[in-house]
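Enquirer: this one's sequence-less:
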């Protein structure tokens, strides 16, 4: 998949036209996948390019900088997931206040018609666009008729009677319901970042951990202990147990720490990239009277994680 970091990088499509899916697509969840798959099918059926238009940073983080949403998929991860679907190109538009000020008409003319030469545009049924979100799907259809592209509004995907949305997934993660979040995503939620130095206390407990430093805007599961899988920069995957919390047994601050005990691994990951996939919640964060009691509980967590990972319930798709 070719990635363009601005509209200025985009050339005319070699096959003459594009089928364009538009959205933030944070999470690339099952609802997003439905839109993207239909765009891909439409492109293949008309010998057009299957194009995704997305935005970075998240529009809400620009429009409401003190209340922007936690990000489910940072741009690097979003590119990886979109590429795995077989799409031809991704155009990442820098979302800033001048771009946010475009009217629906200007957006359609400048982006979809003049620059991309779209022949068809696919969006979610609740899609809004243009200055202040004033453009609706019906407005998009009207502009499409004027500018020469068809518009399809893809029905929203549901799970157990509720609409799948990035907002709903963030709530589930905040509640520690990572298995439910995975059902909506179509894969486990992943935190990723560099491994940074910690207190080194894990080695004295015979449970050395990798301390993950994700981006500050990342969606972090609620405090607790989780069954996870750890993926190294080289692509190797290991079973793991991850603690998300303030480490109240030893620390007296409110800093959230993400500490992953990687099982069956012997090596130094300090300074390297690590991805952690959250599969199931084991327990709440607890305060232990001493290091010995904590070490015993860690052993119990490891045993519980191995049982889970050896069961059919751990067979969720991984990407």
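Expert: Ah, there it is. If you're wondering where the values come from, they're calculated on a predicted model, not measured in any experiment. Numbers count the residues shown, from 1 in each chain.

Enquirer: quick check, residue 223 in contact with residue 254.
Expert: No: in this structure, residue 223 sits apart from residue 254 without contact. The criterion is CB atoms under 8 Å, and the distance is 10.8 Å. Where C-beta positions appear, they are placed from N, C-alpha and C, glycine not excepted.

Enquirer: domains for this protein, by residue range?
Expert: 2-159, 181-314 (automatic domain parsing).

Enquirer: shared neighbours of residue 223 and residue 254, anything?
Expert: Taking CB atoms under 8 Å, 6 or more residues apart in numbering as the contact rule, residue 223 and residue 254 both touch residue 246.

Enquirer: neighbour count for the two, which is higher?
Expert: The neighbour count for residue 223 versus residue 254, taken as other CB atoms under 10 Å, is higher for residue 223 (16 against 7).

Enquirer: per-residue confidence for that one?
Expert: The predicted structure scores residue 223 at 96 on the pLDDT scale.

Enquirer: for it, give me its contacts.
Expert: Residue 223 makes contact with 176, 244, 245, 246, 256, 284, 285 under the criterion CB under 8 Å, 6+ apart.

Enquirer: repeat the analysis, applying 6 Å as the threshold.
Expert: Residue 223 makes contacts with 244, 245, 285, as judged by CB atoms under 6 Å, 6 or more residues apart in numbering.

Enquirer: for it, which non-adjacent residue is spatially closest?
Expert: Using CB to CB, 6 or more residues apart in numbering and skipping residues adjacent in sequence, the residue nearest residue 223 is residue 245, 4.1 Å away.

Enquirer: show me what that neighbour bridges to in the sheet.
Expert: The partner list for residue 245 in beta bridges (DSSP bridges) reads residue 257.

Enquirer: touching, residue 273 and residue 233? I think so.
Expert: Yes: with contact taken as CB atoms under 6 Å, residue 273 and residue 233 are classed as touching, separated by 4.4 Å.

Enquirer: mind listing the helices for the stretch 201-319 of the chain?
Expert: 201-204, 291-309 (DSSP state H, counting those that start in this stretch).

Enquirer: residue 223 and residue 244, how far apart?
Expert: Counting by CB to CB, to the nearest Å, the gap between residue 223 and residue 244 amounts to 5 Å.

Enquirer: wait, I meant residue 307
Expert: Between residue 307 and residue 244 the distance is 21 Å, computed by CB to CB.

Enquirer: got it, and residue 167?
Expert: From residue 167 over to residue 244 (counting by CB to CB), the distance is 20 Å.

Enquirer: who's more crowded, those two?
Expert: The neighbour comparison of residue 167 against residue 244 (other CB under 10 Å) goes to residue 244, with 24 against 12.

Enquirer: contact partners for that one?
Expert: Remark: with contacts taken as CB under 6 Å, 6+ apart, residue 244 is in contact with 221, 223, 258.

Enquirer: measure it to residue 189 for me?
Expert: Distance check for residue 244 against residue 189: by CB to CB, it reads 12 Å.

Enquirer: over to residue 10?
Expert: Summarising the geometry, the distance separating residue 10 from residue 189, computed by CB to CB, is 31 Å.

Enquirer: and the two? which has more neighbours close in?
Expert: In this comparison of residue 10 against residue 189, neighbours counted by other CB under 10 Å, the higher total goes to residue 189 at 25 against 18.

Enquirer: need the phi and psi values for that one.
Expert: Torsion angles at residue 189 (phi, psi; degrees, to the nearest 10) stand at phi -70, psi 140.

Enquirer: quick one: contacts for it?
Expert: Under the criterion of CB under 6 Å, 6+ apart, the contact partners of residue 189 comprise 178, 181, 278.

Enquirer: how near is it to residue 60?
Expert: 19 Å.

Enquirer: which of the contacts of residue 189 ranks first by neighbour count?
Expert: For the contacts of residue 189, counting by other CB under 10 Å, the largest number of neighbours falls to residue 181: 26 neighbours.

Enquirer: turn the contacts of residue 189 into TSV, columns for pLDDT and distance to residue 163.
Expert: Written out in TSV, the entries for those read as follows (pLDDT from 0 to 100; distance: CB to CB, whole Å):
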residue	pLDDT	distance to residue 163
178	98	20
181	98	15
278	98	22
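
Enquirer: what is the nearest of those residues to residue 147?
Expert: Lowest distance from residue 147 to the contacts of residue 189 (CB to CB) belongs to residue 181, with 38.3 Å.

Enquirer: what separation is there between that closest one and residue 245?
Expert: 18 Å.

Enquirer: before we move on, what about residue 22?
Expert: Counting by CB to CB - residue 22 and residue 245 are separated by 38 Å.

Enquirer: adding distance to residue 265, write the helices of the stretch 201-319 of the chain out as TSV.
Expert: As requested, the helices of the stretch 201-319 of the chain are exported to TSV (distance: least, CB to CB, whole Å):
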stretch	distance to residue 265
helix 201-204	13
helix 291-309	13
